[in-house]
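Undergrad: What follows is a predicted structure for the sequence shown.
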Amino acid sequence: MTLLSAIASPINDIADSLGANDLPYAIPLHPNLVHLTIGLFSIGIAFDFAGAFYPLEKRVFRFLALPVTRSGFHDVGWYNLVACSGISFFTVAAGFYEMLLAVPLPGIRSILGQTAIDTMLWHAIGGVAILMVIVAMTVWRGYQRFVWRKDLGRQVTWLYLLCGASMLMVMGLHGSLGAWLASDFGVHITADQLLAAGADLNEVLP
Amino acid sequence: MLGLLPPLNDKNLPWLDVIHPIVVHFVISMALITVVFDVIGVITKKKNLFEVSFWNLIVATIAIFVAIIFGQIEAGLANPYGASRDILNYHSTLGWSLAGVLSLLTGWRYVARQKDATALPKGFLAIDFVLAGLVFTQVYLGDKLVWVYGLHTVPVVEAIRNGVVS
């Protein structure tokens, strides 16, 4: 502990090549890749729900003069999840790179009472866990589509849908931790970091 | 009348966190994946991918109107300063324009799908790239508002309230 407090952050060794936001570029990558992970996963699950409840809603689509097929809905559920699986490796990789360079503002606690490092550790472990679940669910979804349920109208089991819905809630909490790293702890936000350094935003951020 | 409005928190919001950046997950990812699946569909001739991109386009079109509603509210509470005022104006203008563009494209796809659900209408692939370009531009502008100017983040809101930034 005494040694830890005596050692300066290793980020200082490359501070000259980083911008005011502690990154070698202006806009962080991870929060942008996250759009794709969350969007593709949740809409994929939503369309599998639409496929599962197809007998109930087909009248509504007939009323809307919008021709639909049950397999079309399940196609969206499958392909969106496959795309989500692929892209999410980059989401996690970018997240780890940018977290290694994170300089959270000191002395702040999130709304859950967590410190910056608590929030970052939970977000890191959670991110890897969620990636593993997404990949596992994609394999599970693939077996249902091509093997176990290939002759059935409803391509996914109720358990799969329950898992998907539960994951959405976990991802909501997980995403909130990430959002607080930015909005409360000021990680990789140029203006927040400049303010913490005592700069005058009217001059340095015209 | 003003007393009836909910109080604002340390991010100058009437709710816990910004909602607009959450809703745009569904515009960004669905619009971009539409383009990706259209391209893969044309290359591999897998016809059901056009159905997948059609539904994703519908989701993007519905979501952008929700995104605009929350975007307008949160922009109104953002207190932009310096050059972020201009960026917010461009972001708002492009946002409303994208709502029109996405609605038109969805309408076009709907009509074409009524005739033949297994083919992409002629020229749509070119428009797809324009759509992706507009989305990337819009994301870049929104990213600057958050990641450079820190609008609705605690330190910036505090600085604005203390009159340090204007």
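TA: Received it, and whenever you're ready, just let me know what you need. Numbers count the residues shown, from 1 in each chain, chains lettered A, B, ... in the order given.

Undergrad: which SSE is the residue nearest to the spatial centre of chain A in?
TA: When C-alpha atoms, centre = their mean is applied to chain A, the residue found nearest the centroid is residue A:34 (4.1 Å). Assessed by DSSP states H and E, residue A:34 sits inside helix A:30-52.

Undergrad: from what I can see the residue nearest to the centre of chain A touches residue A:91, true?
TA: Yes - taking C-beta atoms under 8 Å as the contact criterion, residue A:34 and residue A:91 are neighbours in contact, 5.8 Å apart. C-beta: built from backbone N, CA, C; applies to glycine.

Undergrad: returning to what we had before: if you count contacts, what does the helix holding residue A:34 end up packed against?
TA: If you count contacts as 3 or more C-beta pairs under 8 Å, 6 or more residues apart in numbering or on different chains; DSSP states H and E, helix A:30-52 packs onto helix A:70-100, helix A:158-183, helix B:20-44, helix B:48-76, helix B:124-143.

Undergrad: Redo those as a markdown table? Include distance to residue A:119 and mean neighbour count.
TA: Converted to a markdown table, those look like this (distance: least, C-beta to C-beta, whole Å; neighbours: other C-beta atoms under 10 Å in any protein chain shown):
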| stretch | distance to residue A:119 | mean neighbour count |
| --- | --- | --- |
| helix A:70-100 | 10 | 20 |
| helix A:158-183 | 5 | 17 |
| helix B:20-44 | 18 | 22 |
| helix B:48-76 | 23 | 21 |
| helix B:124-143 | 21 | 17 |
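
Undergrad: among those helices, which is nearest residue A:107?
TA: Relative to residue A:107, the nearest member of those by C-beta to C-beta is helix A:158-183, separated by 14.7 Å.

Undergrad: Distance from stretch A:61-68 to the middle of the chain?
TA: Relative to the centre of its chain, stretch A:61-68 is centred 33 Å away, using C-alpha atoms, centre = their mean, to the nearest Å.

Undergrad: what sits against the closest residue to chain B within chain A?
TA: Here the residue of chain A nearest chain B is residue A:39; by C-beta to the nearest C-beta that distance is 2.7 Å. The contact partners of residue A:39, by C-beta atoms under 8 Å, 6 or more residues apart in numbering or on different chains, come to B:25, B:26, B:28, B:29, B:30, B:33.

Undergrad: With distance to residue B:132 as added columns, please give those residues in TSV.
TA: Putting these into TSV (distance: C-beta to C-beta, whole Å) gives the following:
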residue	distance to residue B:132
B:25	16
B:26	16
B:28	10
B:29	12
B:30	12
B:33	10
